[in-house]
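Asks: task: produce atomic coordinates for the following.
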Amino acid sequence: MATPNPLLLFLICLSSLFLLAFSSKLTLPLSPLAKHHSSSDPIQTLNLLSSASLSRAHHLKRPKHNSSATKVPLYPRSYGGYSISLSFGTPPQTSTFVMDTGSSLVWFPCTSRYLCSRCSFPNIDPSTIPAFIPKLSSSSRLIGCKNPKCAWIFGPEVNTKCPNSSQPCPPYVLQYGSGSTAGILLSESLDFPDKTVPDFLVGCSFFSIRQPAGIAGFGRGPQSLPVQMGLSKFSYCLVSHRFDDTPVSSDLVLYSGSTSDGDEIDDNHDISYTPFQKNPGAANTAYREYYYLALRKVIVGKKHVKIPYKYLVPGEDDNGGTIVDSGSTFTFMERPVFEAVAEAFATQMEKYTRAGDIENRTGLKPCFDISKEEKVDFPELVFQFKGGAKMAMPLNNYFALVTSDGVVCLTIVTDGVAGPGVATGPAVILGNWQQQNFYVEYDLERERFGFKKQSCKK
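Replies: Model (predicted):
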């Protein structure tokens, strides 16, 4: 007999208590979600970010089966992501969310009983995390298990397990690599200054592990924010992580209505586009929520890195291919891909001293001690996609200064460096560190991914 999930048992107890109690353009500020650690130790910070990136990659690779526009500020935070503020309820209650293209459900910390375990990050007091209070909103409604939206999370078979129409949708438990959350589903109103989205499916989480903020899922699932809002596209421009936990932000822009008439964003006529790629397998439904890109080449300096075809294209077994994920910090590469890329850097930078101790302490490699160098020649890193679109990385997007006396490390991770291996799922996960200071566009209507290099700081 299987051992009951303690998180689920805890959730059921809390949910019982709760049940007794209870066409335009939008632009939102987008900020990095990372905390300045009290030690101010960049080695420790990079080690935490590389470990978090590995945990996130493991989750994404093997997940559990479970014309006008609006602008929203997007803020950088130090546990590696970018946050937005969204308002739900009547009257509206505002909560902070990590903007995540690698998952689909939108959820917030919920009820006065909300608990977050292992959430004692610097600048975060777990006992004061703001929570949505359903009883203060006249528009809060529980989702019933026969409601079609319940099947968005649990699949169509959930309807056959409902004893009656009044039975609520089952509690959810979601994994996010380094953390998790559990709660129940609500129907609520999502409020913007110039529009309201009624009957929006949102998760009301009672308990989380290492999740000090909610998650705004921007994936391909029907429960995601873009799908529920009927967006034709969305775009963002991620400011540098050097602005973590500051008032500096950029814009997350949400487009509703058709853009097929050529109505593009001003000054973005020089965007490079590549089509989204289909996963032919998708036996695990979570893979269907990812944005797959057709990566064709990785170029280091003048060398075209040789990468086996099976890693570039998703197969019938769900393995291989490249996804783009705003919720990952450092880009992940399957070990054979990473080793080929790392070797290209090591070969072209062989005249510089390797910093093996720093590699062991940060989980990043290769690292080089350039403290005695007057000039350093860094090979350029370029990702080339189907259609010829080339993403040429700014140096700060793939090398980080780790120590004040001059040690730099490549900010790409793989299995076995900062954690155990998981040889399934996407072979490359393009993280937000490599997307800094790029305008990035998800054109859902035309099924394409666009980008161009630009400064994102307003």
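Asks: could you use CA atoms for every contact and neighbour count after this?
Replies: Fine.
Asks: on the three-state scheme, Thr181 is what?
Replies: strand (DSSP: H, G, I helix; E, B strand; the rest coil).
Asks: check contacts around the nearest residue to it once chain neighbours are set aside.
Replies: Excluding the flanking residues, the one nearest Thr181 by C-alpha to C-alpha, 6 or more residues apart in numbering is Ser208, at 4.1 Å. Residues counted as contacts of Ser208 (C-alpha atoms under 8 Å, 6 or more residues apart in numbering) are 115-117, 179-182.
Asks: of these, which one scores lowest on pLDDT?
Replies: Within the contacts of Ser208, Gly179 has the lowest pLDDT, namely 84.
Asks: wait, isn't that one in contact with Arg210?
Replies: Yes: counting by C-alpha atoms under 8 Å, Gly179 does reach Arg210; the two are 4.9 Å apart.
Asks: okay, now the unreliable bits of the chain?
Replies: 1-24, 31-40, 62, 64-68, 78-79, 120-124, 259-268, 282-285, 417-423 (pLDDT under 70).
Asks: enumerate the positions of the biggest strand by length in the chain that are buried.
Replies: Counting by DSSP state E, the longest strand found in the chain is strand 195-209. Buried positions in strand 195-209, judged by neighbour count with 16 or more other C-alpha atoms under 10 Å: 198, 200-209.
Asks: put the alpha carbons of that strand into CSV.
Replies: This file holds the C-alpha atoms of strand 195-209, laid out as CSV (Å, rounded to 0.1, in the frame of the first residue of the first chain):
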residue,chain,number,x,y,z
LYS,A,195,-10.2,45.8,-17.9
THR,A,196,-11.4,42.9,-15.8
VAL,A,197,-11.2,39.2,-16.7
PRO,A,198,-14.1,37.3,-14.9
ASP,A,199,-14.2,33.7,-14.0
PHE,A,200,-10.4,33.3,-14.1
LEU,A,201,-9.2,29.9,-12.8
VAL,A,202,-6.6,30.5,-10.0
GLY,A,203,-5.0,28.4,-7.4
CYS,A,204,-5.5,29.2,-3.7
SER,A,205,-2.4,27.7,-2.0
PHE,A,206,-2.5,26.9,1.7
PHE,A,207,1.0,25.4,2.0
SER,A,208,4.2,25.8,0.0
ILE,A,209,7.9,24.8,0.3
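Asks: how distant is it from the center of its chain?
Replies: 18 Å (C-alpha atoms, centre = their mean, to the nearest Å).
Asks: again, but for stretch 85-101
Replies: With C-alpha atoms, centre = their mean as the basis, stretch 85-101 stands 17 Å off its chain's centre.
Asks: now do stretch 313-329
Replies: Distance, stretch centre to chain centre, for stretch 313-329: 13 Å (C-alpha atoms, centre = their mean).
Asks: give the contact list for the residue nearest the centre of the chain.
Replies: Centroid-nearest residue in the chain, with C-alpha atoms, centre = their mean: Gly327, separated by 1.7 Å. Taking C-alpha under 8 Å, 6+ apart, we find Gly327 in contact with 56, 80-82, 98-102, 431-432.
Asks: could you look up the next helix or strand downstream of the lengthiest helix in the chain?
Replies: Among the segments of the chain that qualify as a helix by DSSP state H, the longest is helix 42-61. Counting by DSSP states H and E, the element after helix 42-61 in chain order, helix or strand, is strand 68-76.
Asks: report the buried residues of that following strand.
Replies: By neighbour count on 16+ other C-alpha under 10 Å, the buried set for strand 68-76 is 69-76.
Asks: residues touching it, excluding its own?
Replies: Residues contacting strand 68-76 (C-alpha under 8 Å, 6+ apart): 23-34, 82-85, 238-241, 243-257.
Asks: excluding its backbone neighbours, what's nearest Arg448?
Replies: For Arg448, the spatially nearest residue (C-alpha to C-alpha, 6+ apart) is Pro275, at 4.1 Å.
Asks: isn't that neighbour up against Gly388?
Replies: No: under the criterion of C-alpha under 8 Å, Pro275 is not in contact with Gly388, lying 10.8 Å apart.
Asks: more neighbours: the two, which one.
Replies: Looking at Pro275 and Gly388 with other C-alpha atoms under 10 Å, you find the greater number of neighbours at Pro275, namely 19 against 14.
Asks: tell me the SS of that one?
Replies: Applying three-state DSSP: Pro275 is strand.
Asks: what's across from Cys110 in the sheet?
Replies: Here Cys110 sits in beta bridges with Phe132, as judged by DSSP bridges.
Asks: for the chain, what spans make up the helices?
Replies: Per DSSP H, the chain carries helices over the ranges 6-21, 42-61, 148-154, 225-229, 309-312, 335-348, 356-362.
Asks: quick one: the fourth one to chain centroid distance?
Replies: Relative to its parent chain, helix 225-229 has a centroid offset of 16 Å by C-alpha atoms, centre = their mean.
Asks: would you mind writing the CA trace of that helix as CSV?
Replies: Provided in CSV are the C-alpha atoms of helix 225-229 (Å, rounded to 0.1, in the frame of the first residue of the first chain):
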residue,chain,number,x,y,z
LEU,A,225,-2.7,33.4,-18.0
PRO,A,226,-2.2,33.9,-21.8
VAL,A,227,-4.8,31.2,-22.7
GLN,A,228,-7.4,32.3,-20.2
MET,A,229,-7.0,35.9,-21.3
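Asks: what sits up against that helix?
Replies: If you take C-alpha under 8 Å, 6+ apart as the criterion, helix 225-229 is touched by 104-106, 197, 200, 216-222, 233-234, 256.
Asks: which two among the residues you listed are spaced furthest apart?
Replies: Leu105 and Ser256 (19.4 Å; C-alpha to C-alpha).
Asks: contacting residues for the residue nearest to Cys237 when sequence neighbours are not counted?
Replies: Closest residue in space to Cys237, ignoring its immediate chain neighbours: Tyr439 at 4.5 Å, by C-alpha to C-alpha, 6+ apart. Applying C-alpha under 8 Å, 6+ apart, we find Tyr439 in contact with 235-238, 451-454, 456.
Asks: nearest to Gly144, of those residues?
Replies: Nearest to Gly144 among the contacts of Tyr439, with distances taken as C-alpha to C-alpha, is Ser235, at 33.5 Å.
Asks: beta partners for that closest one?
Replies: Here Ser235, judged by DSSP bridges, has bridge partners Val253, Glu441.
Asks: gap between it and Ser117?
Replies: Separation of Ser235 from Ser117 (C-alpha to C-alpha, to the nearest Å): 33 Å.
Asks: same question, Asp191
Replies: According to C-alpha to C-alpha, Asp191 stands 29 Å off from Ser117.
Asks: again with Arg448
Replies: 39 Å.
Asks: more neighbours: these two, which one.
Replies: With neighbours defined as other C-alpha under 10 Å, Arg448 and Ser117 compare such that Arg448 has more, 19 against 14.
Asks: what residues are up against the more buried one?
Replies: Here Arg448 is in contact with 273-276, 442 (C-alpha under 8 Å, 6+ apart).
Asks: that older thread, identify, from the buried residues of strand 195-209, the entry nearest to Ile133.
Replies: Of the buried residues of strand 195-209, the one sitting nearest to Ile133 (C-alpha to C-alpha) turns out to be Cys204, at 9.2 Å.
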